[in-house]
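> sequence plus predicted model, see below.
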Amino acid sequence: MRAIIALGGNALQAKGFPATAECQLQTIKDTAIYLANMIESDVQIVIVHGNGPQVGRLVVQNECAKNLTPAMPFDVCGAMSQGMIGYHIQQALGEELHKRHIDKSVITLITQTIVDKNDKGFQNPTKPIGPYYNETEANTLREEKGYSMMEDSGRGYRRVVASPNPLKIVEIDTIKKLVNDGAIVISTGGGGIPVIELADETLEGVTAVIDKDLASAKLADELQADQLVILTAVDNVAINFGKSNQKNLDSLTVKEAQQYMEEGQFGTGSMLPKIQAAINFVTANPGKKAVVASLKNAKDALRGCSGTVIVA
């Protein structure tokens, strides 16, 4: 079985711990156990990760140090986050596989994703990045820096940037070669570095963060994966989330998912892109399935024994 594994933020940073490199690596070492469990079950995985908190912090670091050293543009910070997170996953998963005597190469590929310069996402920023702020801090950032700020699922306020739809993964042919050679590939991190294609067919980076779940669906389609597995902090997709009448869902058809989307059941910065990604994959690949599940239940989710299964 070939599965695209989209890792949520909880797989990279543990709640309640400082956002240091040391804490991130330790969290990823814990995540690597679940990834290795899937590999040990003869599943060929390709790993995609988010980068919202990390790229946001890199931007803050660059801005704070601009009087000492030139600040790097947003797309370069995206590339930095891919390298940093990929390095930690490579190290942690490599160590875990070595413990289990599994001889497989783990490699990170810095990946660009083409977007449309006229994508409506540029006019309506929705992608949360960086740390959380209280309302007063958020208002100050709006006034002083001109940031777009949005309340994020009851957890505080965060800066939001454009989140255009992924059109094409630039390095897809290289990814295919590595995967077909048996490597465990970490690619399209943070949805890929967003670039636009110019008239002379050169590429130019833009200020945006592509949703990693939507990019994972694009990658799953290109690699003819058997499953798209979106791992997050909750066990199931739910309707009436957080309310007394919350209902966890074991399965969804595309029609049912679209109906719930129209009702506004899924949060813009949280579950909505996961559902949309699942719809994109199973619609393009009838007979295949997408699963939204918790990291700890990843192996069971692959067998259809946990999480929410989405089918055409």
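Structure received. Since this is a predicted model, take the numbers as computed values, not measurements.

> could you look up the SS state of the nearest residue to Asn280 once chain neighbours are set aside?
What sits nearest to Asn280 in space, not counting adjacent residues and going by CB to CB, 6 or more residues apart in numbering, is Ala217, at 4.4 Å. Just so you know, the C-beta spots here come from the backbone N, C-alpha and C atoms, and that holds for glycine as well. Assigned by DSSP: H, G, I helix; E, B strand; the rest coil, the conformation of Ala217 is helix.

> what's around Ala217, how many residues?
31 (other CB atoms under 10 Å).

> state the distance from it to Lys299.
21 Å (CB to CB, to the nearest Å).

> ok now the helix ranked longest in the chain, how far from the chain's centre?
Using DSSP state H to define each element, the chain has its longest helix at helix 74-99. Chain-centre distance of helix 74-99: 14 Å, with CA atoms, centre = their mean, to the nearest Å.

> after that helix, which helix or strand is next?
Per DSSP states H and E, helix 74-99 leads on to strand 106-108 as the next helix or strand towards the C-terminus.

> adjacent strands (with direction) for that next one?
Strand 106-108 has these partner strands in its sheet, going by DSSP bridges: strand 184-186 (parallel).

> export the very next helix or strand once past the partner strand to CSV, keeping only CA atoms.
Later in the chain than strand 184-186, the nearest helix or strand by DSSP H and E is strand 193-197. Provided in CSV are the C-alpha atoms of strand 193-197 (Å, rounded to 0.1, in the frame of the first residue of the first chain):
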residue,chain,number,x,y,z
ILE,A,193,7.1,26.9,-1.3
PRO,A,194,4.5,29.0,-3.2
VAL,A,195,5.8,30.3,-6.5
ILE,A,196,4.2,31.8,-9.6
GLU,A,197,5.2,31.1,-13.1
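
> ok, strand 193-197: who's next to it in the sheet?
strand 112-114 (parallel), strand 203-205 (antiparallel).

> out of those, nearest to Gly267?
In terms of CB to CB, the element of the strands paired with strand 193-197 nearest to Gly267 is strand 112-114, at 23.2 Å.

> outside of that closest one, which residues touch it?
166-171, 188, 191-197, 203, 210, 215, 218 (CB atoms under 8 Å, 6 or more residues apart in numbering).

> mind doing that once more with 7 Å?
If you take CB atoms under 7 Å, 6 or more residues apart in numbering as the criterion, strand 112-114 is touched by 166-171, 188, 191-197, 203, 210, 215.

> distance of the residue nearest to Asn280 relative to Ser306?
20 Å.

> name the element Val55 belongs to?
Judged by DSSP H and E, Val55 forms part of helix 52-64.

> same thing with Val309?
Short version, using DSSP H and E: Val309 is in strand 308-311.

> pairing partners for that strand, with directions?
Sheet partners assigned to strand 308-311 using DSSP bridges are listed as strand 251-253 (parallel), strand 289-294 (antiparallel).

> need those in a markdown table with mean neighbour count, can you?
Formatted as a markdown table, these follow (neighbours: other CB atoms under 10 Å):
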| stretch | mean neighbour count |
| --- | --- |
| strand 251-253 | 17 |
| strand 289-294 | 24 |
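
> nearest to Gln276, of those strands?
Closest to Gln276 of those, according to CB to CB: strand 289-294, at 10.5 Å.

> what angle do the least confident helix or strand in the chain by mean pLDDT and helix 52-64 make?
Every helix and strand of the chain was ranked by mean pLDDT, DSSP states H and E. The lowest is strand 127-133, at a mean of 82. Strand 127-133 and helix 52-64 are oriented at 70 degrees to each other (axes from the mean of the first three to the mean of the last three CA atoms, to 10 degrees).
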